[in-house]
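Asker: below is the sequence, then the predicted model.
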Amino acid sequence: MQSDDTPIPTQDEIKARLLDAALIHVAFDGWTEATFRAAAQDAGIEPAMALALCPRGAVDLAIAYHKRGDLAMVERMKISDMTGMRYRDKVAQAVRFRLEAATDKEAVRRGVTLFALPQHAADGAKLIWGTADAIWTALGDTSEDGNWYSKRATLSAVYSSTVLYWLGDDSPEHAATWAFLDRRIDDVMRIESFKAQARRNPLLMPFMIGPDWLAKQIKAPKERDQDLPGSLQPRA
């Protein structure tokens, strides 16, 4: 008897097959139970195995689709030469890479609808935060205090508003979306510029002492507690 040398697929590989099969149905049925069942059947995956990999069915597949886009964005950032670019332009480029990684706009549209539901809103917020975190991490962010949170919160707002604009954009090569993105980042940069000026202004400086002190007390989560929202450090 000859041994079967065919490699056994990993769980990640099986889940990827399931996701690929699902994308064919998402445009018609959304991220629904019907899509999940059809994907399992098309991919030749037993329903029990599919549920073991995705206990929440299509919701878990929608999450996997978003994270796949994040990974594609990061990989593209690694091979792109951003030498000499302003930091705000690097951020804008990363957001653009992320949107271009979404090869199926309808799948994104259906995902936005799914994560707008109250029962899935927390998942959606976590995914957007994860995208912002992936961008800042890839850009080499070294902040360890409250700035770690403020950077990600601000970029989350920029990213989510840009996604909504992109979904309705039919301009050639999404030129209107990239212009919208630049305006949003310019707005953020103006706020940061005002804060920097306020710290140097003797009249406004007293009003910045409290917020600055608080920001320095908040620490970014450590590697071992990435799911935690951070912590206030005890006073020395």
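Answerer: Cool, the structure landed. Residues are numbered from 1 along each chain as shown.
Asker: residue contacts, residue 82?
Answerer: Contacts for residue 82 (Cβ atoms under 8 Å, 6 or more residues apart in numbering) come out as 89, 90, 93. Bear in mind the C-beta positions are built from the backbone N, C-alpha and C, glycine included.
Asker: check residue 109 too.
Answerer: Contacts of residue 109 (Cβ under 8 Å, 6+ apart): residue 167.
Asker: now the one 3 residues further on
Answerer: The contact partners of residue 112, taken as Cβ under 8 Å, 6+ apart, are 124, 163, 164, 167.
Asker: do residue 31 as well
Answerer: 22, 58, 59, 61, 62, 110, 111, 114.
Asker: same thing with residue 155?
Answerer: Residue 155 touches 91, 95, 132, 135, 136, counting by Cβ under 8 Å, 6+ apart.
Asker: just to be sure, which of those are found in helices?
Answerer: 91, 95, 132, 135, 136 (DSSP state H).
Asker: farthest-separated two in the residues you listed?
Answerer: Greatest spacing in the ones in helices among the contacts of residue 155, by Cβ to Cβ: 95 and 136 (11.5 Å).
Asker: list buried residues within the contacts of residue 82.
Answerer: Buried subset of the contacts of residue 82 (neighbour count, 16 or more other Cβ atoms under 10 Å): 90, 93.
Asker: residue 17: which of the contacts of residue 82 is nearest?
Answerer: Proximity of those to residue 17 (Cβ to Cβ) peaks at residue 93, which lies at 31.5 Å.
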